[in-house]
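In: Below are the sequence and a predicted model for it; my questions follow.
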Amino acid sequence: MSLHLGIDTGGTFTDFMLYDEDQRSLKAWKVLSTPGDPTAAVITGLQQVADPGQISSVRLGTTVATNALLERRGARVAYLATRGFRDVPFIQRGNRRSHYDLSWVKPKPFCLRRHAFEVTERVDHTGAVIVPLDVKAVRRLARHLAETGEVEAVAVNLLFSFLRPDHELAIRDIFAEEAPDLPVSLSYEIDPRWKEDQRAMTTLADAYVKPLVGQQVRSFRARVVEAGVTGRIALMKSNGSEMSTEAAEAQPVNLAVSGPTGGVTAAKHLAAVKSIDNLVTLDIGGTSTDVSVVVEGRERFTDDYELEFGIPLRVPMIDIRTIGAGGGSIAWIDKVGGLHVGPESAGANPGPACYGFGGTRPTVTDANLVLGRIDPQSFLGGKMTLDAAAARAAIETVAAPHGWSVEQAALAILRIMNNNMVGALRAVLIEQGFDPRQFTLMTFGGAGSLHVCDLMHEANIPLGIVPNHPGQFSAYGFTMADARSDRRRSTLLSSRDFDLARANAVLADLSREVLEDLHKQGHDSGIELRRSMQMRYLGQNYELEVPLTVDRFTAEGMDAIWRDFHDRFEERYRFHLPDEPIEMVDMGCTAIAHMPKPELPRLPVAAGPAEPDATRMVTFEEGCLPTPVFKRHALAAGHGFDGPALVEEDVSVTVVRPGFRLEVDVYGNLVISAGKTANKGA
């Protein structure tokens, strides 16, 4: 078996990428998503594989956990806390984004207060047991919850359990005996760190989606096997790695940001091949846009993530910012006549008006069609014909109130859409201290290549890349994902009195846990271990991550670790405090099982200039211009031409604005550069 299949389930389309290891070839396709039953679209897409039995691995990026959290379609959860601390999820943190917003409402946790229970036990800040666990009371509670059926899952979050997990582990064992049908999530396993609110919310989120995700994962596994797949079946974690379906059932919160990670993984691989150090990725789909950066060849990770309504999730994930902007984003007029685009999306059903599925509201896709940038006869490689008249009628609904032509309204829609995405680019670049002029913009997703030149111009980024198969680029990234396990634990120590024995014990525990995690998923060899510490000056509220180059702390080596922190602090903030004590807050360990990567096919070298397949009138801000149309499959390495131009392929169109130049590299990527006039005044 030599086939590797990556599947990305999106809000509008489900994308597939099949890599044939023997032939070193790639095949990409997509089908319309089925939101009510995401696996149905997967099974439909599998019909494109002649012999599913030859598939050695399937990796799925899923939105099941994401949607359940965002739409609050999870389970009824019982929350178990140390006596006196049951209200932590309801009190939450002492901050709010809009101090002067009188309409602000505190976000609700993933449980009801009547389902929050207190447990008699207490562990202090050193890990010493002050009050033993009342085992009999826990047994009574477990029997009560099992008999009444008022909850479907249990989240356990005891005080200082990250220092001594004995009581949480005992509670899990009791529930396994007394209420075996209730899945239990432990804070020690989900997020063994300080700060009660974040730990509580993350554990609750895991319990909240566990029954639903478990059901969906089991159904997905069974139906894929029934379709003939006999190879390894895995899901994508938020940190960009794969996890077995069994591991996904055990800790589903790790799937919270599953789908978008594939594009970043593939972009990182391509950046390495092309020797690009700094890359900003923009994945524009039908419903949303995901933005991330690769700096000095590495993706950036975070565990400081909030759902859009303010609930924190503290799990390791690739740092991806998501906004509600995509090809299906709906244009609308507010009460005072202002034109807006998004965040509401037409989705897959009814979809944009031009799809002909009953949609009547104008979308970004309709605007691109009206402007001539999309050929209505070539959408999805000709498998789907778009209704240009319906698109014009939809755009007219926002054009007429302003006295605009349909084309003027379509340009306005795109300008607003681009402005929304530029805001996201600035959030991951300028606001993080990066200079956009030192980055390359890689756009993918079904709508990414339509906007690449506009975004380069608006964000002042000099170079852009449209990779091969941009519409299925995230699915492509899934085929090259590694297996990875991340563990982090709060361990408060100071440079003034550093406890070597305790630090080494925690580091050894973390190393053992991540190795065992990968071992359970079938990975035993070729594993890389990375260790790190979260550190800060005493009295600060935020930490810096400092990688460790040792596997064991020694008295002789500590001075080098403290110097490394001072250096990194100065690099980040342009000053440091060499005489101030340093506090270590968290210790982390990551195990990575590196998997084989697909080889990038090379194109033949061009024997002559590129020849357009056709010419059609396309509307730009510069006017309606005759624009040559090239077919991507006909381009060879070394081909190049100036804009205006269009490059069509089965699932996307690359728009080259006037003043920009496109060149094809040896791997078939479209490399776009801004001319001297393109960024004038940007």
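Out: Received the coordinates, thanks. Residues are numbered from 1 along each chain as shown.

In: quick one: buried residues of the helix ranked longest in the chain?
Out: The longest helix of the chain (DSSP state H) is helix 196-226. For helix 196-226, the neighbour count (16 or more other C-beta atoms under 10 Å) marks 196-214, 216-217, 220-221, 223-224 as buried. Heads up, the C-betas are built off the backbone N, CA and C, glycines and all.

In: same thing with stretch 258-277?
Out: Neighbour-count burial for stretch 258-277 flags 258-271, 274, 276 (criterion: 16+ other C-beta under 10 Å).

In: Look at R172 and tell me its secondary structure.
Out: Three-state call for R172 (DSSP: H, G, I helix; E, B strand; the rest coil): helix.

In: Correct me if wrong: it contacts V184.
Out: Yes: with contact defined as C-beta atoms under 8 Å, R172 and V184 form a contacting pair (5.0 Å).

In: the more surrounded of these two?
Out: V184 (22 against 16; other C-beta atoms under 10 Å).

In: beta partners for the more buried one?
Out: With DSSP bridges as the criterion, the beta-bridge partners of V184 are V154.

In: Can you tell me how far it is from D499?
Out: Using C-beta to C-beta, to the nearest Å, we find V184 at a distance of 32 Å from D499.

In: now swap in D564 and tell me
Out: 19 Å.

In: Outline the domain layout of the protein.
Out: Structural domains of the chain, as assigned by automatic domain parsing, span the residue ranges 3-68+214-234, 73-212, 329-416, 483-593, 614-674.

In: Can you say which of those is nearest to E458?
Out: domain 329-416 (9.0 Å; C-beta to C-beta).

In: ok now that closest one, how far from the chain's centre?
Out: Distance of domain 329-416 from its chain centroid, counting by C-alpha atoms, centre = their mean, to the nearest Å, is 27 Å.

In: what's the span of it, first residue to last?
Out: Taking C-alpha to C-alpha, to the nearest Å as the measure, domain 329-416 stretches 11 Å from start to finish.

In: Next, the buried residues of stretch 378-397.
Out: Within stretch 378-397, the residues that qualify as buried by neighbour count (16+ other C-beta under 10 Å) are 378-380, 386-388, 390-397.

In: picking up where we left off before, and for R172 and V184, which residues touch both?
Out: With C-beta atoms under 8 Å, 6 or more residues apart in numbering applied, the overlap between the contact sets of R172 and V184 consists of V156.

In: Which elements pack onto the next helix or strand after the longest helix of the chain?
Out: Sequence order places strand 232-236 as the next helix or strand after helix 196-226, per DSSP states H and E. Contact partners of strand 232-236 among helices and strands, from 3 or more C-beta pairs under 8 Å, 6 or more residues apart in numbering; DSSP states H and E: strand 55-61, helix 196-226, strand 242-244, helix 245-250.

In: who wins for proximity to M421 among these?
Out: Within these, the stretch nearest M421 is strand 55-61; the backing value is 21.2 Å (C-beta to C-beta).

In: Paired strands for that closest one, with orientation please.
Out: Looking at strand 55-61 with DSSP bridges, its partner strands are strand 3-9 (parallel), strand 232-236 (parallel).

In: Report the mean per-residue pLDDT for the shortest one.
Out: pLDDT averaged over strand 232-236 equals 93, rounded to a whole number.

In: So which residues make contact with it?
Out: Among residues not part of strand 232-236, those counted as contacts by C-beta under 8 Å, 6+ apart are 56-62, 217, 220-221, 224-225, 242-245, 248, 255, 258-259, 261-262, 478, 481, 522.

In: Comparing the strands paired with strand 55-61, which comes out most buried?
Out: Ranked by mean neighbour count under mean count of other C-beta atoms under 10 Å, these are led by strand 3-9, which reaches a mean of 28.

In: Next secondary structure after that strand?
Out: Sequence order places strand 13-20 as the next helix or strand after strand 3-9, per DSSP H and E.

In: any chance you could map the strands in the stretch 251-400 of the chain?
Out: With strands called from DSSP state E, counting those that start in this stretch, the stretch 251-400 of the chain shows them at 279-284, 289-295, 298-299, 301-302, 305-306, 312-313, 317-318, 321-323, 329-333, 339-345.

In: Measure how far the first one is from the centre of its chain, please.
Out: Once both centres are worked out by C-alpha atoms, centre = their mean, strand 279-284 turns out to sit 12 Å from its chain's centre.

In: In the sheet, which strands lie alongside it, parallel or antiparallel?
Out: With DSSP bridges as the test, strand 279-284 is paired with strand 289-295 (antiparallel), strand 440-444 (parallel).

In: Output the ones you listed as TSV; include the columns distance to I323 and mean neighbour count.
Out: As requested, the strands paired with strand 279-284 are exported to TSV (distance: least, C-beta to C-beta, whole Å; neighbours: other C-beta atoms under 10 Å):
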stretch	distance to I323	mean neighbour count
strand 289-295	5	24
strand 440-444	14	27
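
In: could the ones you listed be laid out in JSON lines, adding mean pLDDT?
Out: Conversion of those to JSON lines gives the following (pLDDT from 0 to 100):
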{"stretch": "strand 289-295", "mean pLDDT": "91"}
{"stretch": "strand 440-444", "mean pLDDT": "94"}
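
In: closest to E189 out of those strands?
Out: strand 289-295 (27.3 Å).

In: how big is the angle separating the closest one from strand 329-333?
Out: Between the direction of strand 289-295 and that of strand 329-333, the angle (axes from the mean of the first three to the mean of the last three C-alpha atoms, to 10 degrees) works out to 120 degrees.

In: Return the set of residues that bridge with L548.
Out: Beta-bridge pairing for L548 (DSSP bridges): R531.

In: Quick one: the helices in the stretch 51-200 of the chain, in order.
Out: 64-70, 88-91, 135-148, 166-178, 187-190, 196-226 (DSSP state H, counting those that start in this stretch).

In: out of those helices, which comes closest to E583?
Out: Of all those, it is helix 196-226 that lies closest to E583, at 18.4 Å by C-beta to C-beta.

In: how distant is that closest one from the center of its chain?
Out: That offset, for helix 196-226, works out to 17 Å (C-alpha atoms, centre = their mean).
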